[in-house]
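In: Just need the structure, nothing else, for what follows:
(one chain, ligands or ions: 1)
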Amino acid sequence: MDWDVAIIGGGPAGLSAALLLGRALRTVILIDNDRPRNAVVKASHGYMTRDGTAPGELRRLAREELRAYASVHLVSGTAADVSQADGEFLITLSDGSSYISRKLIIATGYADHLPDLPGLREAYGISVFPCPFCDGYEHRNTPMAVFGRGEQVYPFTKKLYNWSKDLALFTNGPSGLGARERSELSDRGIPLFEEPIQELASRNGMLHAVILRGGAAIPRTTGFIPDTGGAEASDLPERLLVKRDQTGKFDTGPHGKTSVDGMYIIGDAKNAFTGLIGAAGEGYEAGTILLRELAEEDWSRCR
Ligand SMILES: Cc1cc2nc3c(=O)[nH]c(=O)nc-3n(C[C@H](O)[C@H](O)[C@H](O)COP(=O)(O)OP(=O)(O)OC[C@H]3O[C@@H](n4cnc5c(N)ncnc54)[C@H](O)[C@@H]3O)c2cc1C
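Out: Alright, predicted model coming up:
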């Protein structure tokens, strides 16, 4: 059987596209290997009506909803390859099975490769997080650490000041900050530690101090890390020769449309960090545009 749309990736982006297209009576195959990026956290926040829901539960509910649409088929597996011939996409899974579709949505997300900071992995997702909008509220007004350096860290520190005035910036080496930034930090009582970090000390994932190489222990109970490192979780767009833009992201136009006819990239696979409701929104948008493409093609064929 040929499918109208193949969606690779069953996070909020892919699930939302599947819902929209199922409701448009389209045949959809959604392939997912269930490795969500946010699986490390117990609760996800900011998704209207589901604030505080566990990441796995949010997906379970979405998959449950899709059961109502007989034209949507969910497959558990890893898409290992994609190619395009005669205007159709061929998706091959790592178990050797394959699917043919008229349109393709890549919603495979982003894979974090955390910096090599001793103790970070133990605390990541429990008391150290990447996104203040996601977890800042729960840790508001606590002694917070910001970990990182480079262009991102200073504006990120300013943003975090919204959630706690008790901030400390740890750059784990020379910060590269100029006199103005240093003075602004100092004016707000935000210490800057440029000494290498020896360890993030935590118990059961709960940060309690940042230990510097010289032995000083700086008490902190929450941490934020603006740059988690990493890359898109899959290189499938590259196999279809989708280029990258100047920022290194896959080159996409409005709604995630790529230079490959009929192929869209949405969610974290496109933006690195979209947020759950943003990813779901992109799935909805790409779904509506794809439906328009399919409907136009079918309309023309009927002549
Ligand atoms: C620690 C952490 C906490 C977060 N907390 C929040 C929060 O509270 N609120 C919020 O709004 N956002 C939060 N986010 C961000 C949010 O998780 C992402 O922005 C969102 O999940 C992106 O959705 P997506 O559908 O694009 O990708 P994902 O949710 O990552 O889904 C991608 C899916 O594609 C699958 N996949 C990848 N490659 C393949 C392949 N080759 N074949 C088949 N399947 C594949 C993966 O297994 C995964 O299931 C958090 C992120 C992190 C890292």
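
In: Give me the number of neighbouring residues for the residue of the stretch 101-250 of the chain at minimum distance from the ligand.
Out: Residue nearest to the ligand within the stretch 101-250 of the chain: Gly109 (2.6 Å; Cβ to the nearest ligand atom). (Each C-beta comes from the backbone N, C-alpha and C, glycine too.) The local packing of Gly109 (other Cβ atoms under 10 Å) involves 26 other residues.

In: Which strand in the protein has the most residues?
Out: The single longest strand within the chain, with elements called by DSSP state E, is strand 98-106.

In: remind me which residues of the chain are low pLDDT?
Out: Applying pLDDT under 70 to the chain flags the ranges 1, 303.

In: Spell out the residue ranges of the helices in it.
Out: Under the criterion DSSP state H, the chain contains helices at 12-23, 55-66, 120-123, 132-135, 153-160, 179-187, 236-239, 268-271, 276-301.

In: on that earlier part again, now for the residue of the stretch 101-250 of the chain closest to the ligand: which residues touch it?
Out: 9, 11, 13, 36-37, 232-233, 267-269 (Cβ atoms under 8 Å, 6 or more residues apart in numbering).

In: Enumerate the residues of the stretch 101-250 of the chain near the ligand.
Out: Residues of the stretch 101-250 of the chain lying close to the ligand (Cβ under 6 Å from any ligand atom) are 107-109, 112, 125, 129-131, 134, 233-234.

In: and with 8 Å instead?
Out: 107-112, 124-125, 129-131, 133-135, 228, 233-234, 236 (Cβ under 8 Å from any ligand atom).

In: out of those residues, which are buried?
Out: Buried members of these, scored by 16 or more other Cβ atoms under 10 Å, are 107-110, 112, 124-125, 129-131, 134-135, 228, 233-234, 236.

In: before we move on, back to that, which of the contacts of Gly109 sit farthest apart?
Out: Pro36 and Glu232 (14.3 Å; Cβ to Cβ).

In: what number of residues lie near Asp298?
Out: Asp298, neighbours per other Cβ under 10 Å, totals 11.
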